[in-house]
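> Build me a model:
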Amino acid sequence: MDEGILPSSGPMLSIKPGTGNVDAVSSATARYYAERGLDSTVVNGRQVDLVHLHLKEWIDCIRSGGTPSANIDHAFEEGITCLMAHRSYVEKRRIEWDPVNKCIV
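Model prediction:
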């Protein structure tokens, strides 16, 4: 670590499943990927942990002022889509999005 900056080339934290300790960022992300069999990928011929890639992108965007690929706008759109699908199923009717008033109709 140089001048208090974490190097983005290596893992930022270790996750030990089954310890009962939960840290809000990495453990939830690790569990999400692991439950889907998406623990790792190959980058430039090297096996790479997907949680590391996710957190690295986030840290790099903080440093550069960029926007992560999984940003708040995408999260909002995905959340609204899930809510609309659920509501449509429960109410047995077509649900639409009003972009002007930003609400479900």
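
> Helix, strand, or coil at residue 84?
Three-state assignment for residue 84 (DSSP: H, G, I helix; E, B strand; the rest coil): helix.

> Tell me, what's the model's pLDDT at it?
Listed pLDDT for residue 84 reads 94.

> Which per-residue confidence value corresponds to the spatially closest residue to it that is not a sequence neighbour?
The shortest distance from residue 84 to any non-neighbouring residue, by C-beta to C-beta, 6 or more residues apart in numbering, is to residue 95 (4.6 Å). For glycine as for every other residue, the C-beta is placed from the backbone atoms N, C-alpha and C. On pLDDT, residue 95 comes in at 94.

> likewise the one 5 residues further on?
The model reports residue 100 with a pLDDT of 93.

> ok, the residue nearest to residue 67 when sequence neighbours are not counted to residue 72 distance?
Closest residue to residue 67 in three dimensions, ignoring its sequence neighbours and counting by C-beta to C-beta, 6+ apart: residue 61, at 6.2 Å. From residue 61 over to residue 72 the distance is 12 Å, taken as C-beta to C-beta, to the nearest Å.

> Looking at these two, which has the bigger crowd around it?
A count of neighbours by other C-beta atoms under 10 Å puts residue 61 above the other of residue 61 and residue 72, at 14 against 9.

> The more buried one should be in a helix, yeah?
Yes: counting by three-state DSSP, residue 61 is part of a helix.

> State the distance from it to residue 75.
Using C-beta to C-beta, residue 61 is found at 14 Å from residue 75.

> same question, residue 98
To residue 75, residue 98 is 20 Å away according to C-beta to C-beta.

> follow-up on the earlier one: for burial, what's the neighbour tally of the residue nearest to residue 84?
15.

> do the one 3 residues further on as well
A count of nearby residues for residue 98, using other C-beta under 10 Å, gives 9.
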